[in-house]
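Participant: let me see the structure of the following:
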Amino acid sequence: MRPLHALALVSVLAPVLSAVLAGCAREPTEVHLTLVPAEAIGCRPTRVDGVLLRALGDTPAEARPTVRLDPRRVGRIDSFPAATEEVSVRAEGVVARVGGGEEPWLGGGVALLDASDALVVPLLRFRRGCALADTGAGLPPAASVAPLDDGRLLIAGGERGIDHLRLVLVRPGEPLARTIDLGARPRVGGTATPLGGARVLLAGGRGRESFEIVDVDAGAVIAEGLLRGPRSEHDALRLPDGRVLLAGGRSESGAARRDAELIELSPTGGVARRTLGELGVARVAPQLLALDDGTVLVVGGTDAEGAPIAEVERFEPAAETFEALGAPWPARAQAAYAALAGGRVVRVGGLEGGVWSRAAAVLLDRGATHASLGAVLGRALERPRAVGLVDGRVLVTGALGGAPVAEVVDPGQTRGALEAAREPIVLGRVPSHTVRLADGVVALLDENGVSLLRLDLSGEFDDPAASINPAQVDERDELSLDGPDRWRAAGNLLVSEVDGARFDLPAARFAAVRVELTSAGALELLLTPAGAPPLAIALDDARARLGDCGVTLDGPLVVERDGATLRLASGGASQECSLAPGLGRLGVAVRARRGAGVQRLSVSRR
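Facilitator: Numbers count the residues shown, from 1 in each chain. Down below sits the predicted model:
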């Protein structure tokens with residue numbers, strides 16, 4: 001992040017919009033921002049009529065300017081706040097309609113301000129998959145994919161017909177991908193795990209028992225080591241403390257593996273590997289899904305003969321143990337899984353009895369509770385893929401009669417009317433892999449290349465409504481309810497139907513935040529750091545407390561977080577509580593006992 005006081009210049013009638021952002025530090029830094037409309041048919045506007053730039057960061061909404069620029073003349077922005085970390089761009093125009101004429105075009109992009117002085121941002125039409133021009137960036141069979149912190153995408157290895165390890169680095173907005181050749185060390189069926197910055201861990205593959213850490217900017221291997229024997233068709237996940245968990249897969253003989261191992265990176269650049277205990281079930285092609293409290297659910301996969309596995313397991317990083325959670329759903333081959341905020345995992349579609357399913361289900365409470373969503377897909381999709389969105393919903397893609405289809409599923413089943421009112425999502429190809437990038441774009445990969453899909457501009461710097469009454473249907477759209485039939489509106493309250501029902505304020509996260517909550521009954525206001533258990537402020541009708549720190553309730557509870565200090569206040573009373581340092585930005589959620597209710601929630605940046 002660099003402080004900004006920005007001047008934006010937009011070229012007149014040019015196909016590429018450019019902006020210059022000047023820093024407001026003692027020695028201002030210029031950042032050149034180039035917005036590149038996607039070239040794919042139906043994606044590129046024939047004319048841009050207006051551009052809206054918005055500064056995003058941890059400052060109150062009123063301190064972040066939103067400036068409309070006219071592309072036919074030069075515009076100026078002279079008041080970007082020092083805490084600006086991103087710049088969102090919303091553009092309006094027209095696009096040629098297939099068959100003749102024009103239709104409205106609406107799109108945008110997000111610039112992640114990093115150390116670079118020249119940023120290229122793809123300007124994407126909302127709700128349309130836009131194919132990148134470089135077909136050399138296709139996803140070969142048995143390749144692995146890693147999204148990097150700066151929005152780039154790495155494609156590693158796979159069946160390319162060569163005996164070298166080839167990496168393809170895609171920077172959305174640039175016309176050509178960069179190819180990196182790492183020599184005679186092919187990886188087919190291995191994993192690629194982002195480690196932060198430009199570093200990626202490449203591990204395993206058919207007949208491979210080695211791993212390497214690659215710096216993709218330098219195009220070089222910077223560390224390497226050996227696994228516990230050859231491992232392919234496994235999964236790998238970076239834990240919040242930086243360690244990497246590898247689990248399942250096939251051995252060199254083709255047997256399904258049930259062992260797991262950790263790779264640890266030291267601050268000085270050293271690498272160590274340790275063997276862990278075993279999974280409860282041996283799995284080929286499992287999925288490791290990170291929950292927001294730092295734990296991991298192990299789902300899916302097959303046995304050595306290809307029979308699907310229904311059992312779910314949970315990995316606790318602190319104890320380094322796996323816990324069996326049973327088989328909460330019927331076994332289903334080729335189902336799609338996605339992790340969501342609130343400790344949830346969604347399973348969508350798949351084959352059951354040789355028939356593609358429309359059904360979905362959600363695991364709640366870190367895998368301990370199962371809820372069926374029913375046949376929520378409008379159509380039974382072949383080869384479904386799922387990716388969690390920042391708003392708490394799931395993007396599901398697949399094929400219908402060979403044609404690409406995309407739908408959005410809401411596990412809380414409260415925002416169906418909202419989605420139905422929007423334009424359909426249009427894809428050009430059926431993806432074999434989907435992944436959300438750092439700027440919120442969803443990358444859709446197949447053997448012919450990469451397409452980019454932006455549904456909207458939602459992100460962690462979103463500003464929630466000034467006041468939310470969750471009993472009101474239209475205001476409840478601001479929230480992500482954990483599952484179906486777990487909440488009901490009763491008068492002016494949203495009431496929990498079960499113990500542990502939860503809703504989250506999706507997307508938005510806060511460094512300094514003010515929360516005001518009016519409630520009835522026993523519940524918890526949760527402040528949720530990334531990769532760690534939530535801070536749970538317990539409320540009843542008399543008192544609110546965080547551990548031993550509390551305040552008597554006399555009206556709404558007001559919570560203010562600033563650094564390592566949390567202030568609880570109600571009526572005329574207040575109490576300051578100490579927090580552990582280094583918690584970072586926090587999300588906001590509510591978890592309730594059965595019969596407890598929420599009347600009003602107000603959340604704002606400070």
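Participant: residue 554: what's it in contact with?
Facilitator: By Cβ atoms under 8 Å, 6 or more residues apart in numbering, the contact set of residue 554 is 570, 571, 572, 573. No exception for glycine: its C-beta is placed from N, CA and C like everyone else's.
Participant: out of those residues, which is most surrounded?
Facilitator: Counting neighbours by other Cβ atoms under 10 Å, residue 570 comes out on top of the contacts of residue 554 with 21 neighbours.
Participant: surely that one meets residue 544?
Facilitator: Yes - with contact defined as Cβ atoms under 8 Å, residue 570 reaches residue 544; the gap is 6.8 Å.
Participant: any common contacting residues for those two?
Facilitator: 551, 553, 557.
Participant: flag the shaky bits of the stretch 51-200 of the chain, pLDDT-wise.
Facilitator: 71-80, 115, 117 (pLDDT under 70).
Participant: thinking again about what came up before, from the contacts of residue 554, which ones fall inside helices?
Facilitator: Using DSSP state H to define helices, no part of the contacts of residue 554 is located there.
Participant: just put the shared contacts of residue 570 and residue 544 in a markdown table and tack on pLDDT and secondary structure.
Facilitator: Listed next are the shared contacts of residue 570 and residue 544 as a markdown table, based on pLDDT from 0 to 100; DSSP: H, G, I helix; E, B strand; the rest coil:
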| residue | pLDDT | secondary structure |
| --- | --- | --- |
| 551 | 98 | strand |
| 553 | 98 | coil |
| 557 | 98 | strand |
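Participant: CSV for the residues you listed, including neighbour count and distance to residue 218?
Facilitator: CSV is the format used below for these (neighbours: other Cβ atoms under 10 Å; distance: Cβ to Cβ, whole Å):
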residue, neighbour count, distance to residue 218
551, 22, 53
553, 18, 57
557, 21, 51
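Participant: of these, closest to residue 457?
Facilitator: Checking these against residue 457 with Cβ to Cβ, the nearest one is residue 557 at 31.4 Å.
Participant: contacting residues for that closest one?
Facilitator: Applying Cβ under 8 Å, 6+ apart, the residues near residue 557 are 516, 517, 518, 519, 525, 537, 539, 544, 551, 568, 569, 570.
Participant: kindly state the domain boundaries assigned to the chain.
Facilitator: As assigned by automatic domain parsing, the chain contains the domains 17-125, 328-427, 473-605.
Participant: state the distance from the nearest residue to residue 403 once chain neighbours are set aside to residue 335.
Facilitator: Counting by Cβ to Cβ, 6 or more residues apart in numbering, residue 403 lies nearest to residue 430, which is 7.7 Å off, once chain neighbours are set aside. To residue 335, residue 430 is 17 Å away according to Cβ to Cβ, to the nearest Å.
Participant: which one's more surrounded, these two?
Facilitator: When residue 430 and residue 335 are compared for neighbours, residue 335 comes out ahead with 25 against 20, by other Cβ under 10 Å.
Participant: and residue 532, what helix or strand is that in?
Facilitator: Assignment of secondary structure by DSSP states H and E places residue 532 within no helix or strand.
Participant: what's the burial count for the closest residue to residue 556 other than its chain neighbours?
Facilitator: Take residue 556 and drop its neighbours on the chain: the residue closest to it by Cβ to Cβ, 6+ apart is residue 518, 4.5 Å away. By the criterion of other Cβ under 10 Å, residue 518 has 17 neighbours.
Participant: with residue 150 instead?
Facilitator: With other Cβ under 10 Å as criterion, residue 150 counts 16.
Participant: residue 141 now?
Facilitator: Using other Cβ under 10 Å: residue 141 sits among 11 other residues.
Participant: so it: helix, strand or coil?
Facilitator: Secondary structure for residue 141, judged by DSSP: H, G, I helix; E, B strand; the rest coil, is coil.
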